[in-house]
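K.L.:
Attaching a predicted model along with its sequence, questions to come.
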Amino acid sequence: MDIMTILGLILGIGAILLGNILDGGHTESLVIFTAFLIVFGGTLGAVMVETSAGVFIQSIKRMRWMLTPPAIDSKGTIAKIVKWSQTARKEGLLSLQNIADSEPDEFSRTGLQMLADGSEPESIRSALEIEISMTEHKDMLAAKVFESFGGYAPTIGIIGAVLGLIHVMNNLSDPATLGSGIAVAFVATIYGVGMANLIFLPMAKKLKTIIRAQSHHREMIVDGVVLIAEGESHREIERILQGYLRYE
């Protein structure tokens, strides 16, 4: 569970609501369904026009990373790679097939399988780096969907504000309806700017950070697997891979 996401949302939204109350405002005045419908519905529609179905579905799946990001245990992975190296030295590369069959991480399993098959080090590196690149590209497209949400939301909020003002201008002869029209205008702007800067853009940036961390972790696995294929000692492999921990 990523507590920072929860705390950030509570602090950001809470500070705005508290500030509104301290300034004499009423929280219920900020809850207007029509304004929300205009901003969120319009933004969602714009993003759907821009995005392919596959990328949009991928972005929905990646939303869970905001609360439960994939676990990255670099120290534990280094220990596993060192153990693989020791096994390969004692029993040969083919012995890694049994380890590959029980390895829960799909990326590591692919590397172990290539080692067991006797693939050349450069072939292993090339194949795994392509997988890293394609996975990162796919996930980055998903993160950019939330950037698009953050880009469109303020503009759609302005559209909502204009619609509210049009409603006001069309009902100048009826003072009773003026208040609701003006409220929709201003609240729509708040929704647009607030959603963009408190939710969508931070989500996009956090997802990108998680994706880069995953790629960095997988690059470490690639180096470890290639070093095993090259016949390096387990002590040398551990020494080289420890360098990755300096950047965490």
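P.N.:
On my side now, so go ahead.
K.L.:
Okay, strands next: where are they in the protein?
P.N.:
Counting by DSSP state E, one finds no strands in the chain.
K.L.:
With adjacent residues omitted, what lies nearest to the spatially most central residue of it?
P.N.:
Centroid check for the chain by CA atoms, centre = their mean gives Leu207 as the closest residue, at 2.0 Å. Of all residues not flanking Leu207 in the chain, Ala143 sits nearest, at 4.0 Å (CB to CB, 6 or more residues apart in numbering). Yep, even glycine has a C-beta here, placed from its N, CA and C like the rest.
K.L.:
Who are the contact partners of the one you found?
P.N.:
Ser59, Arg62, Ala204, Leu207, Lys208, Ile211 (CB atoms under 8 Å, 6 or more residues apart in numbering).
K.L.:
of those residues, buried ones?
P.N.:
Among the contacts of Ala143, the ones that count as buried by 16 or more other CB atoms under 10 Å are Ser59, Arg62, Ala204, Leu207, Lys208, Ile211.
K.L.:
What is the nearest of these to Asp139?
P.N.:
Ile211 (4.6 Å; CB to CB).
K.L.:
Which residues are in contact with that closest one?
P.N.:
Ile211 touches Glu136, Asp139, Met140, Ala143, counting by CB under 8 Å, 6+ apart.
K.L.:
out of the residues you listed, which are inside helices?
P.N.:
Glu136, Asp139, Met140, Ala143 (DSSP state H).
K.L.:
Please list only the buried members of those.
P.N.:
Glu136, Asp139, Ala143.
K.L.:
confidence score at the residue lying closest to Val225 once chain neighbours are set aside?
P.N.:
Of all residues not flanking Val225 in the chain, Gly111 sits nearest, at 3.9 Å (CB to CB, 6+ apart). Each residue has a pLDDT score; the one for Gly111 is 95.
K.L.:
thinking Gly111 is in contact with Leu128, fair?
P.N.:
Yes: the pair Gly111 / Leu128 is scored as a contact, 5.8 Å apart, by CB atoms under 8 Å.
K.L.:
neighbour-wise, which of those two wins?
P.N.:
Gly111 (29 against 22; other CB atoms under 10 Å).
K.L.:
How about the contacts made by the more buried one?
P.N.:
Gly111 neighbours (CB under 8 Å, 6+ apart): Ile124, Leu128, Ile221, Val222, Val225.
K.L.:
repeat for Ile240
P.N.:
Asp223, Leu227, Glu232.
K.L.:
Quick one: neighbours of Ala196, just the number.
P.N.:
Around Ala196 there are 24 residues (other CB under 10 Å).
K.L.:
would you turn the contacts of Ile211 into JSON lines with pLDDT and distance to Leu7?
P.N.:
Putting these into JSON lines (pLDDT from 0 to 100; distance: CB to CB, whole Å) gives the following:
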{"residue": "Glu136", "pLDDT": "96", "distance to Leu7": "28"}
{"residue": "Asp139", "pLDDT": "95", "distance to Leu7": "25"}
{"residue": "Met140", "pLDDT": "96", "distance to Leu7": "26"}
{"residue": "Ala143", "pLDDT": "95", "distance to Leu7": "21"}
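K.L.:
Tell me the one of those residues nearest Pro70?
P.N.:
Using CB to CB, these come closest to Pro70 at Asp139, 10.5 Å.
K.L.:
Show me which positions of the helix or strand of the chain with the lowest mean pLDDT end up buried.
P.N.:
The weakest-scoring helix or strand in the chain, judged by mean pLDDT, DSSP states H and E, is helix 175-194 (a mean of 81). By 16+ other CB under 10 Å, the buried positions in helix 175-194 come out as Gly181, Ala183, Val184, Ala185, Phe186, Val187, Ala188, Thr189, Ile190, Tyr191, Gly192, Gly194.
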